[in-house]
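*Asks:* When you get a sec, could you give me coordinates for this:
(one chain, ligands or ions: 2)
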Amino acid sequence: MSLVHIEISHFRNLQQVSLQPAAKLNIITGENAAGKTNLLESLHYLSFARSFRTAQTRDLIMYQQPFFRLIGKLQHPSATLGIQKSSQEQIIRINQQTVNRSADLAAMFPVVAIHPDSHQLISAGPEYRRQYLDWGVFHVEHHYLQVWKDFRTALSQRNAALRHNQPDTLCCLWDQALVEAAQRMEIMRLDYLEKLALSLDKIRPLLFPEAELALEYRPGWQSEAGYQAYLAASLYKDKEKGFTQGGPHRADLRIKLDNKPVQSAISRGQQKKLVAMLKLAQMDVFSQHSDKTCVLLYDDLPAELDTVNRNKLLKLLSKLPVQVFISAIEANQLDLSGWSDMKMFHVKHGEVDALD
Ligand SMILES: Nc1ncnc2c1ncn2[C@@H]1O[C@H](COP(=O)(O)OP(=O)(O)OP(=O)(O)O)[C@@H](O)[C@H]1O
Ligand SMILES: [Mg+2]
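*Replies:* Numbering: from 1, shown residues only. Ligands and ions are numbered 1, 2, ... in the order given. Down below sits the predicted model:
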């Protein structure tokens, strides 16, 4: 499966763009402010129904326009995905049928993005690492989304009871459902992390030779006696705060390189390299457990890594069964030997031309 056609209307400065990407590598070049990141952002939107740069829909709709529309055609198996977004509504269509869940898009069109803010996966709060982890589990464990939703439902019911200072018996009514969902989430997350560790073992020697990498799951709560006992013991504190303080919704990944926490012990450039490695490993796990093809969006690769690491990364990527979109000011910043199926696109003032 790969993206064979994309039609973009009124997305940022991309007024009307239609392109047919290569199944393996696509290079997007153009000067500053041409619209390269916008193009990658539109592909991200078609998978996640959200941007990696803004939470505001009005930023994404071309100025003076009522909505933007994205239509993507996939092949093997063939499918058409569409999303139309105005500030009032969002319409998602898969094969001409309207669907309510944006997760259906992500399931059919899995996208991983690396962009100038991706170091947040390491430098910022645990929600970034949970998102990373959950993306991986979602694509490998087909029940994960349902279990995650069961957990969120029980959590919001418990939180509502806590907030309204309901009697203890009512607050605890949801504990059983929470505990069951939390256990299942944890099993799936840990199982996924084992798979991820195997892929990281394969990739790490090229990017971080000699270094020892450790990924440790922090469950987001602590008790020798289990989550049920934890919830019972924290009931009064939770009532004071008005929400459930501990659980898988507070989980984190502790990442250590040579036994040092990566948040503080390595340079920004190394953080970027580490993020790229974590995402590559995630795509490797994905490709082993799915018959779909994952799409990688790499925004401004030359600005992210030095020449040596950039070339190592391109080499690793050429061996993964993924469809890649890389943006760069100029193509000569990239060593593209080793890639056969490749297309180049040039962006200028929001217009995209395929180059020979
Ligand atoms: N809603 C919008 N409507 C129209 N144009 C927009 C909108 N949002 C952003 N733009 C324009 O998009 C352009 C920026 O595009 P983009 O960020 O994709 O550039 P880029 O090619 O990635 O540049 P760089 O190399 O600097 O990263 C700017 O000219 C900006 O004014
Ligand atoms: Mg850009």
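*Asks:* what residues does the stretch 201-350 of the chain put near ligand 1?
*Replies:* Within the stretch 201-350 of the chain, the positions adjacent to ligand 1 are D300, I329 by CB under 6 Å from any ligand atom. For the C-beta atoms, the positions are set from N, CA and C on the backbone; glycine is no exception.
*Asks:* can you give me the strands for the stretch 201-350 of the chain?
*Replies:* Defined through DSSP state E, counting those that start in this stretch, the strands belonging to the stretch 201-350 of the chain, from first to last, are 213-218, 252-257, 260-261, 294-298, 322-328, 342-348.
*Asks:* Direction included, what does the third one pair against?
*Replies:* Note on strand 260-261: by DSSP bridges, its sheet partners are strand 252-257 (antiparallel).
*Asks:* mean confidence score for the strand it pairs with?
*Replies:* Summarised as a single mean, pLDDT over strand 252-257 is 96.
*Asks:* what's in contact with that strand?
*Replies:* 122, 126, 129-130, 132-133, 193, 208, 211-218, 220, 261-262, 265-266, 270, 274, 278 (CB atoms under 8 Å, 6 or more residues apart in numbering).
*Asks:* 10 Å - rerun?
*Replies:* Strand 252-257 is contacted from outside by 121-122, 125-130, 132-133, 189, 193, 196, 204, 208, 211-220, 261-263, 265-266, 270-271, 274, 278, using CB atoms under 10 Å, 6 or more residues apart in numbering.
*Asks:* Enumerate the positions of it that are buried.
*Replies:* If you call a residue buried by 16 or more other CB atoms under 10 Å, then strand 252-257 has these buried ones: D252, L253, I255, L257.
*Asks:* Just the closest of those to ligand 1, please.
*Replies:* Closest approach to ligand 1 among those (CB to the nearest ligand atom): I255, at 27.7 Å.
*Asks:* Report the beta-bridge partners for the closest one.
*Replies:* Using DSSP bridges, the beta-bridge partners of I255 come out as L215.
*Asks:* Got the domain ranges for this structure?
*Replies:* Under automatic domain parsing, the residue ranges defining each domain of the chain are 1-110+290-356, 122-271.
*Asks:* Now distance to D284 too, for those domains, in JSON lines please.
*Replies:* Rendered in JSON lines, the data for the domains of the chain read as follows (distance: least, CB to CB, whole Å):
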{"stretch": "domain 1-110+290-356", "distance to D284": "6"}
{"stretch": "domain 122-271", "distance to D284": "4"}
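*Asks:* What residue in the stretch 151-300 of the chain comes nearest to ligand 1?
*Replies:* At 5.9 Å from ligand 1, D300 is the closest residue in the stretch 151-300 of the chain, using CB to the nearest ligand atom.
*Asks:* For burial, what's the neighbour tally of that residue?
*Replies:* Residues lying near D300 (other CB atoms under 10 Å) number 18.
*Asks:* Show the contacting residues for it.
*Replies:* D300 makes contacts with I28, K36, T37, L40, I114, H115, P116, I326, S327, A328, I329, Q333, as judged by CB under 10 Å, 6+ apart.
*Asks:* Closest one of those residues to L3?
*Replies:* Relative to L3, the closest of these is L40; by CB to CB it sits at 12.2 Å.
*Asks:* So in terms of bridging, what pairs with Q16?
*Replies:* When Q16 is checked against DSSP bridges, its beta-bridge partners turn out to be S9.
*Asks:* ok, it touching E351?
*Replies:* Yes. Using CB atoms under 10 Å, Q16 and E351 qualify as a contacting pair, with a distance of 8.6 Å.
*Asks:* Does L196 touch A281 like I think?
*Replies:* Yes. If you go by CB under 10 Å, L196 and A281 touch, sitting 5.7 Å apart.
*Asks:* residues bridging contact with the two, i.e. touching both?
*Replies:* G136, L215.
*Asks:* Buried members of the contacts of D300 into PyMOL, please.
*Replies:* With 16+ other CB under 10 Å as the criterion, this PyMOL line picks the buried residues out of the contacts of D300:
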select buried, resi 28+36+37+40+114+115+326+327+328+333
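*Asks:* In helices only, show me the contacts of D300.
*Replies:* In helices, defined here by DSSP state H, the members of those are K36, T37, L40.
*Asks:* Would you mind measuring from the second one to ligand 1?
*Replies:* Looking back up the chat, that one is T37. According to CB to the nearest ligand atom, to the nearest Å, T37 and ligand 1 sit 3 Å apart.
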